Structure formats: C-alpha cells, structure tokens
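Student: I would like the atomic coordinates for the input below:
(2 chains)
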Amino acid sequence: AQRVTQPEKLLSVFKGAPVELKCNYSYSGSPELFWYVQYSRQRLQLLLRHISRESIKGFTADLNKGETSFHLKKPFAQEEDSAMYYCALLTGNQFYFGTGTSLTVIP
Amino acid sequence: DTAVSQTPKYLVTQMGNDKSIKCEQNLGHDTMYWYKQDSKKFLKIMFSYNNKELIINETVPNRFSPKSPDKAHLNLHINSLELGDSAVYFCASRNAGEGELFFGEGSRLTVL
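Tutor: Numbering: from 1, shown residues only, chains lettered A, B, ... in the order given. Model (predicted):
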C-alpha cells in the first residue's frame, strides 16, 4: 500500500512565483514526516522535517493531520530551487518515500 | 569528511556479470540502508541493517545479497546482472530512533 503520495511528477513555476509541492500520507499512528531534495546529480539531502518546524531555504511545510498532508511551500521560487523533491514518512525503522516531484523554476 | 561514501560511483557492465557496490559511513550510525532509484526517479527501499543484522528485506530478487561486515559498512553484491538492474543505488545511514537519513552520492549501474 502506497503510504506516501506525491500527485505531481513534474511542476514548473516562474521565478518569483509561489510554489507548493503536495504530499499526502497514510498512517494510523503518529507520523514523522520529512522533505528530501536532490539537486542535479547530487545525493539526496534533508530539506526539513516536521518536528523541527523551521524554514530552510525559504521552504516551510506544515503537518495537517486532518487532511493527512505535509505540503511543501515557498512564497517566491528561485532558479536554484530546481530539483527533485521527495516527501518521506518514517515508521519504526523504515522510511517510505513518495515518487518525487521534479520542480523546474523558469527564469 | 565524507559521511556516507559509496564506491564505485559509476559501473558499466555486461548482462550476466556479478558486481559489488561498497558503502561506508563514518557517522557512528547503527542502521544502514540500500535504496534503488530507477529511471523514473522512484526511490525504493531494498535492504536495511541494524548493527549488522538484517531488519528489512523488501521484495528484491535473491540475486541481490547485502553484506555487513561491521556496522560501518554495508556492501551490495549483485549476481547475474540483468538489464532491469540498471539504476542508481543509494546507500544511507541513521541511528535507529533518530530521524534524519544520510545518503551517499549514489552508484550509477548500467547493464548492457
């Protein structure tokens, strides 16, 4: 069963426009959620996690348990934000990753 | 000060061959993973080891055999390579009970 869903495989926005990458999860317990980013030909790296409730590179994500969502948002996209973004759910010792969203920021 | 390192970064080989990818982490983590990223960028867990013990073994052909000689290393051996094995393989590590997963740079395997 798919535990993490990222409905958009590709997303393009213009520089300076707001961006939202969607993530929904299914888990009956208390979820621990993350966003990972993979820049071109680089390793995956943690962008942010919901328990830290901080903004990284201008990105924020709020856990909405009612909607079982953890959408990633940034008010003004920059060209350097172009990358692959993965939402991930940690249950026990296992990370479940979504299928990823490729974000392209158009200059 | 590479935290999670994998070798080789690139591997091109013929169908039917056997190959290994090595992974080492110097973070003192007790849990290590192998992930496969296919051509569509889908990231799928393959194996997980905690303190050298296998704890996750997803549906992976038995041609894939992980080996953990100590908790800082998790190697992946693949027998009888097939075209469908072409992918980027990522090693990762963390401490059980803590959140963040640290990834290696990936090993791009191409099977011809």
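Student: who's sitting farthest from the centroid in chain B?
Tutor: What lies farthest from the middle of chain B is residue B:97; by C-alpha atoms, centre = their mean that is 20.8 Å.
Student: Confirm that residue sits in a strand?
Tutor: No - according to DSSP: H, G, I helix; E, B strand; the rest coil, residue B:97 belongs to no strand; its state is coil.
Student: list the contacts for the residue positioned nearest the centre of chain B?
Tutor: Central residue of chain B (C-alpha atoms, centre = their mean): residue B:34, 3.3 Å from the mean position. Residues in contact with residue B:34 (C-beta atoms under 8 Å, 6 or more residues apart in numbering or on different chains) are B:23, B:45-48, B:66, B:74, B:76, B:89-92. Glycine gets a C-beta too; all of them are placed from N, C-alpha and C.
Student: let's see 6 Å
Tutor: Taking C-beta atoms under 6 Å, 6 or more residues apart in numbering or on different chains, we find residue B:34 in contact with B:46-47, B:76, B:91.
Student: repeat for residue A:82
Tutor: Counting by C-beta under 6 Å, 6+ apart, residue A:82 touches A:103-105.
Student: re the thing from before, looking at the sheet around the residue nearest to the centre of chain B, what are its partners?
Tutor: Residue B:34 forms beta bridges with residue B:47, residue B:91, as assigned by DSSP bridges.
Student: Residue B:46 is in contact with residue B:60, isn't it?
Tutor: Yes - Residue B:46 lies in contact with residue B:60 (C-beta atoms under 6 Å); the separation is 5.1 Å.
Student: that older thread, tell me which of the contacts of residue B:34 is nearest to residue A:48?
Tutor: residue B:91 (22.4 Å; C-beta to C-beta).
Student: By average pLDDT, which secondary structure element in the chain comes out worst?
Tutor: You didn't pick a chain, so chain A it is. Every helix and strand of chain A was ranked by mean pLDDT, DSSP states H and E. The lowest is strand A:94-97, at a mean of 87.
Student: My question was about chain B, not that one.
Tutor: Ranking every helix and strand in chain B by mean pLDDT, DSSP H and E puts strand B:53-57 at the bottom, with a mean of 76.
Student: need the strands for the chain, in chain order.
Tutor: Chain wasn't specified; assuming chain A. For chain A, strands defined by DSSP state E occupy the ranges A:4-5, A:10-14, A:19-21, A:24-25, A:32-38, A:45-49, A:60-61, A:72-74, A:83-91, A:94-97, A:101-106.
Student: meant chain B actually
Tutor: Listed in chain order, the strands of chain B (DSSP E) span B:4-7, B:10-13, B:19-25, B:31-37, B:43-50, B:53-57, B:64-70, B:73-78, B:87-94, B:102-103, B:107-111.
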